[in-house]
Every structure is written in C-alpha cells, then in structure tokens.
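Asks: here is the input, now give the coordinates:
(2 chains)
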Amino acid sequence: DAGVIQSPRHEVTEMGQEVTLRCKPISGHDYLFWYRQTMMRGLELLIYFNNNVPIDDSGMPEDRFSAKMPNASFSTLKIQPSEPRDSAVYFCASSPQANYGYTFGSGTRLTVV
Amino acid sequence: EDKVVQSPLSLVVHEGDTVTLNCSYEVTNFRSLLWYKQEKKAPTFLFMLTSSGIEKKSGRLSSILDKKELFSILNITATQTGDSAVYLCAVGVTSGSRLTFGEGTQLTVNP
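Replies: Okay, the predicted model is just below:
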C-alpha cells in the first residue's frame, strides 16, 4: 500500500494565481480530510468527505478555497486567487471509518509570494 | 468550540530521560483521543484512547486517558535522539469525524 499520496510536494506561486493540490487516499478508506498546518494556528481541518460527499466544510477559510472529490481515489483542493497568507503545509489524510486514526500524506508545502 | 491544549509547548531533555507530555481537552460529545508523532513530514499515528484508565503501550511509549478530569498523558521512557519530534494530541467527537488538534509539544532529545 503506497499510503496517501499528495502532489505536488512543493508549490511556489505568485499572488493571484490559481493553485490546485491533489490527493489520492488509501484504497478502501471512506473518509478523506484536508488539513492546513501553520506555525501560528497548528493543524486546522478545512474539509472532509465521506464516500466522496463533502460532510463538513466549515473550516474552509473563504470562497477562494474549494475542494472536490469526483471519485473514491482522487480529491483536489483549489485556491483561486491565492494570497500570501495561504502559505502553509496542506495535508490530506484518509481513514477507513469515522473517528479512526488518520493516515496522513506527506503534505504539500505551498508558498505564495 | 472544541478545545485541545497541550503542555509543555517545548521540552529539551537528555538521552535516557523520561518525559511526560500532557493533553487536556474541552469538547462536546467526546469519543476518542489520539496521539501523533510529527517529525519532518506528516504526522504518524501512535495511539487512540477511548476508555479511562486503560494504558496503551508501544515499546517505550505509553499513554493513558482520564475522562473524568479530561486529560491524557503520553510517557516516553529512556528517550533517544530519534524521539525528537512534535507530539500532537487530537480529540474526536461522536458527531462527525473531525479531529481537533492541539498545538503540539516540541520534544528535543540531546545526546
């Protein structure tokens, strides 16, 4: 099992550009989570899906952020337009059931200049 | 709002020391408490605790939960330099699958 796979590993972009982060969860895991980690705020849940359906998106900062899960093996987190304050490490995680230990991907380090 | 507080925020010890990390929480409809270890990259799962007073153990690491006093501790005995990491505590609730994370404890083990 390759674990949770995220791409890209690093992304540097200019303010105002669109950024798309990608995630492939572990096969058979019904839950997928997007987290953001910064020094100031730690790990924050942005959104999570159950069986490809968004369940809780209350952590999505604003309309510039959107997430999709078109099928069980793929999810995207999009930021449009990006801003310097979006700079963070974005983690995707998956879980086989509710309130089980997550498996995290390696993260995408996003820098917006 | 669910709240998870870890202490200390950072800790520096020497190899061989024993450390205790603390996690207290205030959540509605508690279900589970989880400990993660984060080195350079992604957090890796250590323990999940759901019942009070039952110690979970893995090698030199152990953890216990007190649901009456709303806290958990993570103990590491005979620390090694490889234990240096950020240790994260997270709490899950019965309504939904979100985990709320604490700020983490940065542990540094010096040789």
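
Asks: only C-alpha atoms from now on, for both contacts and neighbour counts.
Replies: Noted.

Asks: partner strands of the helix or strand bottoming out on mean pLDDT in chain B, parallel or antiparallel?
Replies: Counting by mean pLDDT, DSSP states H and E, the weakest-scoring helix or strand in chain B turns out to be strand B:99-101, with a mean of 89. Next to strand B:99-101 in the sheet, as set by DSSP bridges, lie strand B:85-93 (antiparallel).

Asks: what about the partner strand, distance to the chain center?
Replies: With C-alpha atoms, centre = their mean, to the nearest Å as the basis, strand B:85-93 stands 5 Å off its chain's centre.

Asks: hang on, the earlier thing: next SSE after the least confident helix or strand of chain B?
Replies: strand B:105-110 (DSSP states H and E).

Asks: contacts for that next one next, please.
Replies: B:6-15, B:21, B:79-88 (C-alpha atoms under 8 Å, 6 or more residues apart in numbering or on different chains).

Asks: strands of chain B, start to end?
Replies: B:3-7, B:10-14, B:19-26, B:30-38, B:43-49, B:56-58, B:61-66, B:71-76, B:85-93, B:99-101, B:105-110 (DSSP state E).

Asks: what does chain A give?
Replies: A:5-7, A:10-13, A:19-24, A:31-38, A:42-50, A:53-56, A:65-71, A:74-79, A:88-95, A:103-104, A:108-112.

Asks: could those strands be laid out in TSV, adding distance to chain B, mean pLDDT and mean neighbour count?
Replies: Below are those laid out as TSV (distance: least, C-alpha to the nearest C-alpha, whole Å; pLDDT from 0 to 100; neighbours: other C-alpha atoms under 10 Å in any protein chain shown):
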stretch	distance to chain B	mean pLDDT	mean neighbour count
strand A:5-7	11	97	20
strand A:10-13	12	96	14
strand A:19-24	14	98	21
strand A:31-38	8	95	23
strand A:42-50	5	93	22
strand A:53-56	8	92	16
strand A:65-71	16	97	16
strand A:74-79	17	98	19
strand A:88-95	8	96	26
strand A:103-104	6	93	24
strand A:108-112	10	97	20
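
Asks: using CSV, please lay out those strands together with distance to B:Thr94.
Replies: Shown next, in CSV, are those (distance: least, C-alpha to C-alpha, whole Å):
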stretch, distance to B:Thr94
strand A:5-7, 28
strand A:10-13, 35
strand A:19-24, 26
strand A:31-38, 15
strand A:42-50, 15
strand A:53-56, 14
strand A:65-71, 24
strand A:74-79, 25
strand A:88-95, 15
strand A:103-104, 20
strand A:108-112, 30
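
Asks: of those strands, give the one that comes closest to B:Ala42.
Replies: strand A:103-104 (5.9 Å; C-alpha to C-alpha).

Asks: picking that back up, looking at the strands of chain A, which is closest to B:Ser58?
Replies: Here strand A:103-104 is closest among the strands of chain A (C-alpha to C-alpha), at 18.1 Å.

Asks: what's the burial count for B:Ser24?
Replies: 23 (other C-alpha atoms under 10 Å in any protein chain shown).

Asks: that one bridge partners, please.
Replies: Under the criterion used (DSSP bridges), B:Ser24 bridges to B:Val5, B:Phe71.
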